[in-house]
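>>> Here is my input; please provide its structure:
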Amino acid sequence: MEREDLLEKIYQSAYKNEGKHGNCSQSLLAGIDEHLGLIDDRLFKASHGLTGGIAVTTEGTCGALAAGIMLIGTKLGRNKENYYNATPGSFDQYKPSKRLLKRFKDEYGTCICNEVHKKIFVRRSHTSSNYPSSLMFFLYAPLDFNSFV
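Numbers count the residues shown, from 1 in each chain. So this is what the prediction gives:
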């Protein structure tokens, strides 16, 4: 399947999931999992409190963005051994996470949930280019999603 086709399918799943179940962070991860099978239950559960700018306060970082960074961490984040040993080169997650954050801010001007929502709902359109639960991870992450499979 072509990358763009897969991205569109994941977007449609994430969008449908959010409309049906709410929770931007889990909707994004569920959409990814439905098509790539990458999300284990512990990661999915851990993302629950990220929704709505952290615990639906809308005051913190967009939950979909946070979930995308968590997913990058599942591949590139440092493990416990590297944490305790401060292994050089165990900070591989920072660069792609910073690029994801930059692209997100370039799109929305912020990463704060309530400000992102103002931009989304002013447009009155939920497309893959302006809805954070869509594919912010895959559209903007500098990683090749095949490396996760």
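
>>> Of all residues in this structure, which one is nearest the centre?
A centroid search over the chain (C-alpha atoms, centre = their mean) returns residue 68, at 2.3 Å, as the residue closest to the centre.

>>> What ranges in the protein fall below the confidence cut-off?
Counting by pLDDT under 70, the ranges of the chain that qualify are 88-90, 122-149.

>>> Going along the chain, name the strands of it.
Taking DSSP state E, the chain contains no strands at all.

>>> who's sitting farthest from the centroid in it?
Checked over the chain using C-alpha atoms, centre = their mean: the farthest-from-centre residue is residue 85, at 28.6 Å.

>>> that older thread, residue 27 is in contact with the residue nearest to the centre of the chain, correct?
No - the pair residue 68 and residue 27 does not pass the contact test of C-beta atoms under 8 Å, sitting 11.9 Å apart. Heads up, the C-betas are built off the backbone N, CA and C, glycines and all.

>>> so what's residue 108 up against?
If you count contacts by C-beta atoms under 8 Å, 6 or more residues apart in numbering, residue 108 has them with 62, 115-116, 119, 132.

>>> separation between the residue nearest to residue 10 when sequence neighbours are not counted and residue 4?
Spatial nearest neighbour of residue 10, chain neighbours left out: residue 31 (4.7 Å); criterion: C-beta to C-beta, 6 or more residues apart in numbering. Computed as C-beta to C-beta, to the nearest Å, the residue 31 to residue 4 distance reads 15 Å.

>>> And residue 83, by the same measure?
With the distance defined as C-beta to C-beta, residue 83 ends up 37 Å from residue 4.

>>> how far away is residue 102 from residue 108?
Relative to residue 108, residue 102 is positioned 11 Å away (criterion: C-beta to C-beta).

>>> go on, residue 27?
Applying C-beta to C-beta, the value for residue 27 to residue 108 is 17 Å.

>>> Then residue 96?
Taken as C-beta to C-beta, the span from residue 96 to residue 108 is 19 Å.

>>> list the contacts for residue 17?
Applying C-beta under 8 Å, 6+ apart to residue 17 gives the contacts 26-27, 30-31, 133.
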